[in-house]
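Asks: Here you go, sequence then predicted model.
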Amino acid sequence: MSFEDPAVSVPIPPRSALDPQVAEFVRAMAEDSAAFAPRETLPIAEGRINAEKVRARWAKGGPDMTLTAEHLVPTRHGDVRIRAYYPQSRKLPGVFIYLHGGGFVLGSIETHDRIMREYAHRAGIVVVGVHYTRAPEAKFPRPMEECLDVTRWVAANAASLDVDGSQLFIGGDSAGANYSMGVSLSLRDAGERIVQGIVLNYGSVSSNLYRNSVIQYGGGAYGLSLVSMMWFRAMHITTAADITDPRVDILRAKLHDLPPTCMVVAECDPVHDDMMDLDRMMREAGNQVQTKVYKGAAHSFLEAVSISDLAVEAFEDTAAWLHKRSAGLSREGEGSTPSVTETPVRSATQSSHSAA
């Protein structure tokens, strides 16, 4: 399958208005971020600390877990920390591996703590967050390979985690959605049918920045900006060849034989057009895809779940999709035990989890 980067159309379509609740989230994030120097001018460590501070209030509150447990997972690049969230009511037997966003550079299992608890609670499934090594300390492909190795480890050690490894889902937001696709493509190419479903939340899946949606929504007033996108990608890649690597530029990948996929698309988002192209191309390749565009939503809007009805709707929609997919696996017996050697579970911490 050949692919050519789409060009912008003329004239550029008009911008849509933000949902009022999402607009409040975008305004508050911008106001809090303005207290710090632009991240592009700061040392990476300082920029990360500031990003954690800005997002701290959005990660608080929400559902309580009956248990959270952290483990160290051996990968080809060293140990990677994961955090497993066990909801008070288990409704699904499987596990949902979640890869946080943050432009490959920022974000963590702390900034996305509430997102993962929301999925665990609303779907009634164990969620595993992955603290992969971020760029620029770890440039492509290392972070994606860490996530790939963690996915294999979770499948092989499912019994120790008290989950059904034959019902393993993977997903993420923004950069995490990119890694989710990279992992899924790598497993397909290796002939390993570990992942049974993919969740992509406003994913960064193309290296092309010349898109209508970037021009419409990338000026900064809607959150994610073109300047940030360029900086993130410069931090993430090493060579010119990386730009067109199909594990980075997912729209260049061969997209056949992938697991059923659920896509959450924000209307007012620079990566909107990338997601819509991915939806079209995955359908053309014969995959099962459920895609919903959330009108008036901006990039990262799931983090606004404490104030946004749109975010609640998106969580509920994905939870329903996970239930439907799990039921299909149970009926059809599609899941199979992965042929991966189990390794001992090394616990880092374990505690009951009460939302702050």
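Replies: Great, that's in hand. Source: prediction; values computed, not measured.

Asks: helix or strand right after the host helix or strand of residue 69?
Replies: Assessed by DSSP states H and E, residue 69 sits inside strand 65-75. Next in sequence after strand 65-75, counting helices and strands by DSSP H and E, comes strand 78-87.

Asks: pLDDT averaged over the strand holding residue 69 - what is it?
Replies: When pLDDT is averaged along strand 65-75, the result is 98.

Asks: With stretch 100-114 instead?
Replies: Mean predicted confidence for stretch 100-114 is 98.

Asks: got the end-to-end distance for that stretch?
Replies: 11 Å (C-alpha to C-alpha, to the nearest Å).

Asks: how about the strands in the stretch 151-300 of the chain?
Replies: 168-173, 195-201, 261-268, 289-298 (DSSP state E, counting those that start in this stretch).

Asks: Let's have those strands in JSON lines, adding mean pLDDT and distance to residue 128.
Replies: C-beta here means a position set from N, CA and C on the backbone, and glycine is covered the same way. JSON lines is the format used below for the strands of the stretch 151-300 of the chain (pLDDT from 0 to 100; distance: least, C-beta to C-beta, whole Å):
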{"stretch": "strand 168-173", "mean pLDDT": "99", "distance to residue 128": "9"}
{"stretch": "strand 195-201", "mean pLDDT": "99", "distance to residue 128": "13"}
{"stretch": "strand 261-268", "mean pLDDT": "99", "distance to residue 128": "18"}
{"stretch": "strand 289-298", "mean pLDDT": "99", "distance to residue 128": "22"}
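
Asks: Relative to residue 30, which of those strands is closest?
Replies: strand 289-298 (11.0 Å; C-beta to C-beta).

Asks: Can you list the buried residues in the next helix or strand after the closest one?
Replies: Counting by DSSP H and E, the next helix or strand C-terminal to strand 289-298 is helix 309-332. Within helix 309-332, the residues that count as buried by 16 or more other C-beta atoms under 10 Å are 310-312, 314-315, 317-319, 321-323, 325-326, 329-330.

Asks: average pLDDT for helix 309-332?
Replies: The pLDDT scores in helix 309-332 average 96.

Asks: which stretches of the protein form helices?
Replies: Under the criterion DSSP state H, the chain contains helices at 20-33, 44-59, 113-123, 142-156, 158-161, 175-189, 212-217, 226-236, 240-244, 272-284, 309-332.

Asks: what's next to the first one, contact-wise?
Replies: With contacts defined as C-beta atoms under 8 Å, 6 or more residues apart in numbering, helix 20-33 is touched by 18, 50, 53-55, 58, 221-223, 268, 296-298, 300-301, 303-304, 307-311.

Asks: Minimum distance to residue 236: which of the strands of the stretch 151-300 of the chain has it?
Replies: With C-beta to C-beta as the criterion, residue 236 lies closest to strand 168-173 of these, at 14.7 Å.

Asks: Direction included, what does that closest one pair against?
Replies: strand 95-99 (parallel), strand 195-201 (parallel) (DSSP bridges).

Asks: any idea how far residue 125 is from residue 108?
Replies: 21 Å (C-beta to C-beta, to the nearest Å).

Asks: Which of the two has more residues huddled nearby?
Replies: The residue with more neighbours, out of residue 125 and residue 108, is residue 125; 25 against 19, by other C-beta atoms under 10 Å.

Asks: where does that one land on pLDDT?
Replies: According to the prediction, residue 125 has pLDDT 99.

Asks: tell me the contacts of residue 126?
Replies: Residue 126 touches 84-87, 90, 94-96, 120, 161-163, counting by C-beta under 8 Å, 6+ apart.

Asks: which strand residues sit across from it in the sheet?
Replies: Under the criterion used here (DSSP bridges), residue 126 is bridged to residue 95.

Asks: swap in the one 4 residues further on?
Replies: Beta bridges link residue 130 to residue 82 when assigned by DSSP bridges.

Asks: Report how many residues lie close to it.
Replies: Residue 130, neighbours per other C-beta under 10 Å, totals 24.

Asks: Next: residue 20.
Replies: 11.

Asks: now do the one 4 residues further on
Replies: A count of nearby residues for residue 24, using other C-beta under 10 Å, gives 14.

Asks: same check, this time on residue 275
Replies: Residues near residue 275, counting by other C-beta under 10 Å, number 25.

Asks: surely it meets residue 206?
Replies: No - between residue 275 and residue 206 there is no contact under C-beta atoms under 8 Å: 9.2 Å.

Asks: got the CA coordinates for stretch 134-153 in CSV?
Replies: The C-alpha trace of stretch 134-153 is given here as CSV (Å, rounded to 0.1, in the frame of the first residue of the first chain):
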residue,chain,number,x,y,z
ARG,A,134,10.9,9.3,27.9
ALA,A,135,12.7,11.3,25.2
PRO,A,136,15.3,12.8,24.8
GLU,A,137,17.0,10.4,27.3
ALA,A,138,15.4,7.6,25.3
LYS,A,139,14.8,8.3,21.7
PHE,A,140,12.9,6.2,19.2
PRO,A,141,12.7,3.2,19.1
ARG,A,142,13.6,2.6,22.8
PRO,A,143,10.4,3.8,24.5
MET,A,144,8.2,1.8,22.0
GLU,A,145,10.4,-1.3,22.5
GLU,A,146,10.0,-0.9,26.3
CYS,A,147,6.2,-0.8,25.9
LEU,A,148,6.4,-3.8,23.6
ASP,A,149,8.4,-5.8,26.1
VAL,A,150,6.0,-4.8,28.9
THR,A,151,3.1,-6.0,26.8
ARG,A,152,4.7,-9.4,26.3
TRP,A,153,5.5,-9.6,30.0
